[in-house]
Every structure is written in C-alpha cells, then in structure tokens.
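**Student:** sequence and computational prediction follow.
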Amino acid sequence: MRVSLGPPERFPEGKLTTVDLRGEEGVFDEAVVWRWHDRLYAVRNYCSHQGGPLCRGRLVPRVTADREGGGLNSDGDVPLLRCPWHRWEFDPATGRAIVDPAVRLKTWPITVENGNAFLEITSTRRMNVTAAIKTDASREGGHS
Amino acid sequence: MLSEDVTVSRGGVVSVMASERRKHYAGPVIDTDVHHTWPSDDAVMQYLPQRWREYSDHATVGHAGRPAEPALPVTHSAPFLHPNGGGREDAIPHTNGGKPGSSYEMLKDQLLDPFGVRKALLTYSEGLFFTPNVRNPEFAAALCSAMNDYTIAEWLSRDERLAGSIIVPLQHTAAAIAEIHRLGDHPSMAQAITTTDSGGTGEPIGHPAFHPVLATLSEASLPLAIHVAGNLTTAGGHLNYYIEFHALVMQHAATQLVSLLANGAFERFPNLKVVLLEGGVAWLPTLLWQLDAEFEKSWRELPRMKRRPSEYVADHVRLSTQPLELSPKKEQLANLLSLGSVGENLLVFSTDYPHWDSDDPDYVARRLPKEWLSRVFYENACELYGWNSDWSPPGERA
C-alpha cells in the first residue's frame, strides 16, 4: 500500500520529522522521515535496541579509523541515524546497526512520483491509511 | 492524503507503543536511581547562606567567560571527554535551560506515568559528581544542605512518588552527621547518599573515620546509597577514555563493599543498610565466593567479623540493576546471579534516568527471569526503605 506524504520539500534537509500512520482504528504506527541530498528515508520511530524514540535522535557523520595511518575520519556523506538514548547508530539505507548489523530498524521505502512522496507499507489488513506530520510539540518530550 | 490536523499525542512513539512499554512486567515499580538536577546554579544558590553565596560569587569574579548569572564555583572534572554527552537527548527540556533531569514534567511524562513508578529515588546529577571536588569542608557542607533544601522545596513537594536522598559531605563528618539529624526524619527523605570515593576523601567508606556517620545512619535506620562517582582513577592508574571508566564501574562499587565488610561495619552498626548504585551486578557472585573463601583462611585478621561476608551482604546490601550487564544470552546473566545467590533478593531496579545509558524498564524485565520481577522491581526496595509493599503513604517507614 502506498501512503501519500506530500511533496518531499515538506521534509527539511537533515531534519527528523515524525509522521503518524493512521488507519481506520486510529494511529497505529509512527515513522521518522528525513531528507538527505534529495533522497527520503523512513524508519519506525522505535529503536530496536531498547525502544528509544528515534525522532529525538540526530543524524551524525560516520566515524572511521584508518588502521594503517592511525588517522580518524568523519564522513558525513550519508549520515547515520543515532538513537537519543544509548547512541546506537544505524545505517539509514539498510536500517542495520553499525556495531551489530543483526539489530535492525524497521524501514519503509519511499518513492517519489510527480512531485509527491509515497511511503510503501506492506500491511494487508489495513485500509485507508493516511500519514500526518506531528507538530513540534512532540519534540518537547511530552510537553504537548 | 496528507493531513496535519491530528491531535498531537504525548511522548512521541511512547503513545503509539504504549502496550509495548510494559509488556514484560506490568506491576509496580520503584526506581532507585533517578538523577534530578537544577535548571541553573542560581536555583541552588538561593538556598545557600549569604556567606557562602558571597564566597561563590567572589570565586568566579574575574574568570574569563564568567556566566552572567551567579554560578557555583564547582565543576565536575573528569579525565576524559564524554563521547555521548551525559543525558538522553529526548530528556533535554527546551524550556528551562536544557539540562536533562531538570524538568519535573518531563520526568513525570517519560518515567513516572508510563511505567507505573510508585516511588523514584532522586539521587542528584552534577551535584553528586562535583561534591567530591569541594575541598573546603565547610563549603561542602553548605552546598550539601543547599542541594537538600532545594530538592525538598522544588521536587519532593511536587509529587508523592518522589523520594529524596540526603547528600552528605563526608569531607566534614560532623556536618554530615548534623545533616542526617536535620533531615533524617523528613517524611520524603528515604536515605543518605555519597559517592564511591567517599566524598573525595581518599578513604573507602569502611574506614573508621566514617564510623560516626555510619553509626548515625544505623541509629536512624536510614540506608546509605553509594553511587559510582567522584575520583575515577582505577587500580592501575589514570584513564584515557570514557569506556575505561564505564566498563570498570564495578571496581569502584566493589571497593566500597569490601571496605565495609573488612572494617566490620555491619557488625558494628547492625541497622546499617547500603545500596550500591550504578556499579553493575554481575561481579557480585564471584566476589562473594572469593570473600567467603578468604574469610575462612584469614578470619584471624578480622575477629570482629562473626559471619561470612556473603551473609552480611544478604542482610545489609542491595545493588541497583543499572547498568545491567548485557550477557550475549539473557539466561547467562540470570544463571550467574542465581549461582551466586544474588538473583532475586539482592537487586533493586533502577533506570538511571535521564542519563544517556539509562536502562528501559521493559528491557530489564526481558533480561531477568519472570519469577524475579516483582522482587527486583518493587518488593526488595520496599524492604530496603521500610515501605509497606501493599503501599503506604510516601516516606512512611515501618
């Protein structure tokens, strides 16, 4: 099922946006959506490590070490998504944790057609799913 | 269709995943290690007597970068930069200065309400860490009193689920005793608290210098919480990286425990109860085996000790669960704790909220045997603090 997210520009470059997924029974899931170099990414707003709210995390450069030269590098080409709790970092393309690739976030593919972004969900039992951007109040840690 | 007119729910994904948050344990919870703090130094300074407010003010005059607001002339010094900051990023208040742990509303929304917390033991944050750095004993005493008064006025009065810890200046044992006498009967003060470096004094807590303090706590039936903090030097020397400290927290907690045992604290002070905070738990079984074996061989050195060390620990000592050691398979940790007779009776649950390495309650519930959970999450702490597990008014001790 394709769920419309509206134009990609609704998701500011490099900023995490929380999106409610709403079915006929109400909100059944949350996605974190962000844009980076004109590509959109979406993961469930739930860290697979201990359940941290990923919407309150941040995008961070990948740190690499040059074994031979002993140098340390910071590569921000495709930032990693870092959980706000224990700082687990995930590859946005695969959803896999950097330190333990067996731990994986739920990811959703996003396609863009005619200036409109669509979240691809696989639910077979839900009908009429809509997506709605949460306001910034949800980023105030519950001070809604 | 994209709509933006939905009602914003509290706590982000927490609201959506509410059924998941307490999936493995839905019973009552006592959290024994919750780090509260103040939004600005001024919030605490207003509780300092004028002499010490002036002292603080003068101490920062002329410093480059001196803050515009009054500031406490004490900082937490560590030999390394923290790679992850100190707090959960989702616990940063956007309204009152941005320090995790400084917002009661956030604590309520992120911890107390969603997890059925009946009682949260407030254990300070930077106050705990900078107190050992204060070498002036009278200033240390004034600071501790101010932090305690701030906690009573600004936190404990707001929610009956909050319980306080009397932070004591072990740099000045007479003042520490006076503070216990001053606040020990406060209905919401549940314990005293110090650091694993005994307030920066350089002596482990079992040393005779501290016996008058331990005697006072024993007489008052107030537990002593000892939190890993302060001097972070290890047995081998100094540290370069945060991970060295964090993987070795057990060294600091174990040192204090062995000191109490070797100095006969639990024989001298029969009502003394100690809870070791944030030192991990998995190390205890092997340490107890070794202590009991050493005692059999070396009892002549310690004739005051009438029982095996493990028996004193069973009766007098509890350990908070966070940071719960992450064995590759969850049964490995449970088996180890069972073998050491530590398991369900010696552990008291803690999150370490709002620090970056806090343990999620449901995660801890997943890692421990189901039949332990009511004891670890609730009953053991009720016994430690003398609270009726059927539930009694806040602070009421049996």
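**Tutor:** Structure's in. What do you need?
**Student:** distance of residue B:309 from residue B:328?
**Tutor:** 30 Å (CB to CB, to the nearest Å). For glycine as for every other residue, the C-beta is placed from the backbone atoms N, C-alpha and C.
**Student:** among those two, which residue is more densely surrounded?
**Tutor:** residue B:309 (25 against 6; other CB atoms under 10 Å in any protein chain shown).
**Student:** name the nearest residue to the more buried one, ignoring sequence neighbours.
**Tutor:** Excluding its sequence neighbours, the residue lying closest to residue B:309 (CB to CB, 6 or more residues apart in numbering or on different chains) is residue B:291, at 3.9 Å.
**Student:** all strands for chain B, in order.
**Tutor:** For chain B, the strands defined by DSSP state E cover B:29-34, B:117-122, B:162-167, B:189-195, B:224-227, B:274-277, B:317-320, B:347-348.
**Student:** how about the contacts made by residue B:173?
**Tutor:** B:209, B:210, B:212, B:213 (CB atoms under 8 Å, 6 or more residues apart in numbering or on different chains).
**Student:** so can I have JSON lines of those residues showing distance to residue A:20, neighbour count and pLDDT?
**Tutor:** Output for these, formatted as JSON lines (distance: CB to CB, whole Å; neighbours: other CB atoms under 10 Å in any protein chain shown; pLDDT from 0 to 100):
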{"residue": "B:209", "distance to residue A:20": "59", "neighbour count": "13", "pLDDT": "97"}
{"residue": "B:210", "distance to residue A:20": "55", "neighbour count": "24", "pLDDT": "98"}
{"residue": "B:212", "distance to residue A:20": "59", "neighbour count": "13", "pLDDT": "98"}
{"residue": "B:213", "distance to residue A:20": "54", "neighbour count": "25", "pLDDT": "98"}
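**Student:** with distance to residue B:29 as extra columns, can I get these in CSV?
**Tutor:** Below are the contacts of residue B:173 laid out as CSV (distance: CB to CB, whole Å):
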residue, distance to residue B:29
B:209, 37
B:210, 32
B:212, 35
B:213, 30
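**Student:** let's have these in JSON lines, adding distance to chain A.
**Tutor:** Converted to JSON lines, the contacts of residue B:173 look like this (distance: CB to the nearest CB, whole Å):
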{"residue": "B:209", "distance to chain A": "39"}
{"residue": "B:210", "distance to chain A": "35"}
{"residue": "B:212", "distance to chain A": "41"}
{"residue": "B:213", "distance to chain A": "36"}
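**Student:** ok, so of those residues, who is nearest residue B:162?
**Tutor:** Ranked by distance to residue B:162 (CB to CB), those are led by residue B:213 at 24.5 Å.
**Student:** next up, the contacts around that closest one.
**Tutor:** Residue B:213 neighbours (CB under 8 Å, 6+ apart): B:168, B:170, B:173, B:176, B:177, B:180.
**Student:** could you identify the most distant pair in those?
**Tutor:** It's B:170 and B:180 that sit farthest apart of the contacts of residue B:213, by CB to CB, at 11.5 Å.
**Student:** which one of the two has more residues nearby?
**Tutor:** residue B:170 (27 against 21).
**Student:** excluding chain neighbours, what is closest to the more buried one?
**Tutor:** residue B:199 (3.2 Å).
**Student:** and if you look at residue A:105?
**Tutor:** Leaving aside its sequence neighbours, residue A:105 is closest to residue A:95 (3.9 Å, by CB to CB, 6+ apart).
**Student:** great, nothing more from me.
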